[in-house]
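Asks: no FASTA, just this:
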């Protein structure tokens, strides 16, 4: 059996995908490794305890163009938390992770250089190809918000520095005419941090306190509707929403609206541009969805049959119609890591819903055609009526002319 067929067969045995057909992209057995500058540097890091490959775990995922970006949990003293890898590979072996932005910036003497990303958390790609990254900071470095211009040689800009370190969790982006609103959650905090950015300039930054709940996972509804921010706590199954208009207004406190109850405690949520929200849960072996245009009803989207060795087994992202997923599981008693993808026909919430735009365009086009036909019919009717009137006047004129001739002839006879 070919390696490709074998991979598909094993994927079928270990996955119980219920809503999409997933294909295996990469798989690592037992451990993931970096793309080291040399084998000697890797050997030294292993010997010094500065590299523990079995403790590398994906936490957040983003995708743009031909690259995947992973935020890694820095258990122990692993040197790098933000890496990239290609979306495709011609090699049968899984790729090694490329540190961002370079190994030099992640060398031991630079690890507390506060002018670089220390510990990547939530990520999001905006509509112009900039990767926004939450940085958890380090013992001597405050938490930060960065942008990486993927379409422009990975140019990295510091957007905002927070007056604390640690506890950063996730973010979503609300692109408006006034700038980009960044909504940020923190672990075990009853608040949403709001930053308004115009280009790379922060126009405003404030905190909205949430009554009676901690916000951890976060998702933003699509552009085509009155937007809502969906939030959940890692300590509760409940799903809540907040009006984005209320957040734009600069309110200091808010009382979220209860939406429904998941079957688990969410640690990661994602919205697509059709209004479907995806959610992964602490310690659960599945990902669920809910279509927000309908009453709350959780549906299984992806499920793995094998036991998992992580309480946070999944991360996911959307690009041009493809759902990307990282999954941590076990195989023959050993931990394994997989990246899978499935065609779902939807994009990130960042993008407009083209199907709705198509419907609106068709309605507009139909209206224009109908209006054009009505104008044409009216013009033809006017022309016909005008011609009838001209013909009628000509007929009367001819009859009058004939009457005059007849009278003259009669006079001549007399």
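Replies: Received it, and whenever you're ready, just let me know what you need. These numbers were taken from a predicted model, which means no experiment stands behind them.
Asks: quick check: domain ranges of the protein?
Replies: Dividing the chain into domains by automatic domain parsing, as the record does, gives the ranges 14-352, 354-414.
Asks: what mean pLDDT does the shortest one get?
Replies: Looking back up the chat, that one is domain 354-414. Over the span of domain 354-414, the pLDDT mean works out to 60.
Asks: with stretch 89-109 instead?
Replies: Taken as a whole, stretch 89-109 has an average pLDDT of 81.
Asks: buried ones in it, by neighbour count?
Replies: Neighbour-count burial for stretch 89-109 flags 94-95, 97-101, 103, 105-106 (criterion: 16 or more other CB atoms under 10 Å). All C-beta spots, glycine's among them, are computed from the backbone N, C-alpha and C.
Asks: repeat that for stretch 203-217.
Replies: Buried residues in stretch 203-217, counting neighbours by 16+ other CB under 10 Å, are found at 208, 210, 213-217.
Asks: can you show me the strands along the stretch 301-414 of the chain?
Replies: Taking DSSP state E, counting those that start in this stretch to define them, one finds strands in the stretch 301-414 of the chain at 314-318, 322-331, 334-343.
Asks: determine which stretch of those strands is the most buried.
Replies: strand 314-318 (a mean of 24; mean count of other CB atoms under 10 Å).
Asks: ok now that one, how far from the chain's centre?
Replies: 9 Å (CA atoms, centre = their mean, to the nearest Å).
Asks: which residues touch that strand?
Replies: Strand 314-318 has contacts (CB atoms under 8 Å, 6 or more residues apart in numbering) with 58-63, 68, 70, 268, 270, 272, 278, 280, 287, 302, 323-328, 344, 346-348.
Asks: repeat that for stretch 260-268.
Replies: Applying CB under 8 Å, 6+ apart, the external contacts of stretch 260-268 come out as 60, 170, 216-217, 232-239, 279-284, 288, 290, 296, 298, 312, 314-316.
Asks: equivalent analysis for stretch 246-257, please.
Replies: Contacts for stretch 246-257 (CB under 8 Å, 6+ apart): 176, 181, 183, 192, 194, 204, 206-213, 229, 231, 240-242.
Asks: and the strands in the stretch 51-200 of the chain, which stretches?
Replies: Assigned by DSSP E, counting those that start in this stretch, the stretch 51-200 of the chain shows strands spanning 56-64, 67-74, 82-86, 98-99, 120-125, 130-135, 144-149, 155-161, 168-176, 179-186, 191-198.
Asks: and residue 39, which of the ones you listed is closest to it?
Replies: When those are ranked by proximity to residue 39, the top entry is strand 98-99, at 15.9 Å, counting by CB to CB.
Asks: strands paired with the closest one, and their directions?
Replies: The partner list of strand 98-99 in its sheet, established with DSSP bridges, is strand 82-86 (antiparallel).
Asks: re the thing from before, now list the buried members of the contacts of strand 314-318.
Replies: Neighbour counting over these (16+ other CB under 10 Å) leaves 58-63, 68, 70, 268, 270, 272, 278, 280, 287, 302, 323-328, 344, 346-348 as the buried ones.
Asks: give the buried subset of the contacts of stretch 260-268 as a ChimeraX selection command.
Replies: In ChimeraX, the members of the contacts of stretch 260-268 classed as buried (16+ other CB under 10 Å) are selected with the following command:
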select :60,170,216,217,232,233,234,238,239,279,280,281,284,288,290,298,312,314,315,316
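Asks: give me the pLDDT for the residue nearest the centre of the chain.
Replies: In the chain, the residue lying closest to the centroid (CA atoms, centre = their mean) is residue 348, at 3.0 Å. The score at residue 348 is 96. That number is its pLDDT.
Asks: same check, this time on residue 301
Replies: According to the per-residue confidence, residue 301 scores 97 in pLDDT.
Asks: that one contacts residue 288, doesn't it?
Replies: Yes - the pair formed by residue 301 and residue 288 meets the contact definition of CB atoms under 8 Å, at 5.9 Å.
Asks: so who does residue 237 touch?
Replies: Counted by CB under 8 Å, 6+ apart, residue 237 has contacts 261-266.
Asks: counting only helices, which of these make the cut?
Replies: Secondary structure defined by DSSP state H assigns none of those to helices.
Asks: just the closest of these to residue 151, please.
Replies: With CB to CB as the yardstick, the closest approach to residue 151 among the contacts of residue 237 comes from residue 266, at 31.5 Å.
Asks: in the sheet, who's paired with the closest one?
Replies: When assigned by DSSP bridges, residue 266 has beta-bridge partners residue 281.
Asks: would you mind measuring from it to residue 318?
Replies: When CB to CB, to the nearest Å is the yardstick, residue 266 and residue 318 sit 17 Å from each other.
Asks: equivalent analysis for residue 79, please.
Replies: 29 Å.
Asks: and residue 346, by the same measure?
Replies: 7 Å.
Asks: which residues are common contacts for those two?
Replies: Shared contacts of residue 346 and residue 318 (CB under 8 Å, 6+ apart): residue 272.
Asks: residue 82 contacts residue 73, doesn't it?
Replies: No - under the contact definition of CB under 8 Å, residue 82 does not touch residue 73, with a separation of 11.7 Å.
Asks: which of these two has more neighbours?
Replies: For residue 82 versus residue 73, the count of surrounding residues by other CB atoms under 10 Å is larger for residue 82: 27 against 18.
Asks: what pairs with that one across the strands?
Replies: Under the criterion used (DSSP bridges), residue 82 bridges to residue 71.
Asks: so which of the contacts of stretch 246-257 sit within strands?
Replies: Assignment to strands by DSSP state E places the following of the contacts of stretch 246-257 there: 176, 181, 183, 192, 194, 204, 206-210, 229, 231, 240-242.
Asks: right, I'll call it a day here.
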